[in-house]
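1. A predicted structure for the sequence below; I have some questions about it.
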Amino acid sequence: MFDTLTDYVSEYPDVLRDIPVHTPTLDELKTAKKSQIDAETSAAIAAGFDYTVDGVAYHFSYDAFDQQNFSDTANVCLMKQSGMRGLPESVTWNAYRVPGGELERLTFDAPGFLALYAGGAMKHKNETMQRGGERKAAVEAATTPEEVEAA
């Protein structure tokens, strides 16, 4: 088989030729890396966060569905604190013990839930986005492919 292929190439050298390989430009590498960082940042946010309640560490889910539930519940808590009538006195929320992952249902009053939201959910999201932004700034400042990859 090899001899047949060699003979063919010798007889028809223009048929088989090197196919040029595209080497990405620095700008293309930067664009790809920033997209990767965005995806990693979103995944890290959605992975959830740990927060301590009454001395016990818990993990809280924070995918897109949970983010909306946190936001809606925080709004209800703010309305409750402003004196709006007819709102529940407390909210029950799923949490998972750290370590172990056992599901527990925790009950929060309005101030307790707002503390969880601000000190847990929003802190987690903001810090994760900050790290992603710092990495993207390092990509923008990069002058070599190696610096882009390291960001």
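-> Received the coordinates, thanks. Residues are numbered from 1 along each chain as shown.

2. and for Pro99, the neighbour number?
-> 8 (other C-beta atoms under 10 Å). In this view, the C-beta of every residue, glycine as well, is placed from N, C-alpha and C.

3. actually, Gly55.
-> With other C-beta under 10 Å as criterion, Gly55 counts 5.

4. for it, give me the pLDDT.
-> Looking at Gly55, its pLDDT reads 97.

5. keeping just the C-alphas, turn the helix or strand of the chain with the lowest mean pLDDT into CSV.
-> When the helices and strands of the chain are compared on mean pLDDT, DSSP states H and E, helix 2-11 comes out lowest with a mean of 78. Provided in CSV are the C-alpha atoms of helix 2-11 (Å, rounded to 0.1, in the frame of the first residue of the first chain):
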residue,chain,number,x,y,z
PHE,A,2,2.8,2.4,0.9
ASP,A,3,4.6,1.7,-2.4
THR,A,4,1.4,2.3,-4.4
LEU,A,5,0.9,5.6,-2.6
THR,A,6,4.5,6.6,-3.1
ASP,A,7,4.3,5.8,-6.8
TYR,A,8,1.1,7.8,-7.2
VAL,A,9,2.6,10.9,-5.5
SER,A,10,5.7,10.6,-7.7
GLU,A,11,3.5,10.5,-10.8
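
6. please identify the buried residues of that helix?
-> For helix 2-11, burial by neighbour count (16 or more other C-beta atoms under 10 Å) applies to no residue.

7. and if you look at stretch 43-50?
-> For stretch 43-50, a neighbour-count test (16+ other C-beta under 10 Å) marks 44-46, 48-49 as buried.

8. farthest-separated two in those?
-> Among those, the pair separated by the greatest distance (C-beta to C-beta) is Ala46 and Phe49, at 10.4 Å.
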